[in-house]
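> sharing a sequence plus its predicted fold:
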Amino acid sequence: MTERLPAHVEVTGLIRAVEAAGGFATVLARGERDGGTVLLVTIHRSEPAALYERMPRPDGSRPFLAAKRENTENPQEFSDYLERRRRQDPDLWLVELDIPDAERFIASWAS
């Protein structure tokens, strides 16, 4: 099993990688400095937002996978979900990424 980076280091690296790829990233909520869970919210132009979080696999890997997508007919539901998650886990980091083809970027960055 690989050792986990502190959350604040992972978030800083992510923001720099997004900016280097021509996108924009910002921290919406700061969690526990070292051990907080990192969730990614992706937005780009008129595409629906998506929430990515690490999901453990039997082989020990923890890739980011899409856990929730915004319903364009009820965008408030997505915002409410993020607020509930934040209330349930105050150690949670919420990072917003505005970058084209976010799913591909996240898969390549996290590998």
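Happy to help now that I have it. Residues are numbered from 1 along each chain as shown.
> can you name the farthest residue from the center of this protein?
Here the chain reaches farthest from its C-alpha mean at E73, the gap being 22.5 Å by Cα atoms, centre = their mean.
> can you give me the helices in the chain?
Listed in chain order, the helices of the chain (DSSP state H) span 7-20, 75-88, 102-110.
> could you dump those to JSON lines with mean neighbour count?
Any C-beta I mention is one placed from the backbone N, CA and C, and that applies to glycine too. Output for those, formatted as JSON lines (neighbours: other Cβ atoms under 10 Å):
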{"stretch": "helix 7-20", "mean neighbour count": "16"}
{"stretch": "helix 75-88", "mean neighbour count": "13"}
{"stretch": "helix 102-110", "mean neighbour count": "16"}
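> what's the closest of these to L28?
helix 75-88 (8.0 Å; Cβ to Cβ).
> in the chain, what secondary structure element scores lowest on mean pLDDT?
helix 102-110 (a mean of 91; mean pLDDT, DSSP states H and E).
> who's in contact with that one?
Outside helix 102-110, the residues that touch it by Cβ atoms under 8 Å, 6 or more residues apart in numbering are 14, 17-18, 21, 23, 40, 42, 44, 50, 52, 63-64, 66, 97, 99.
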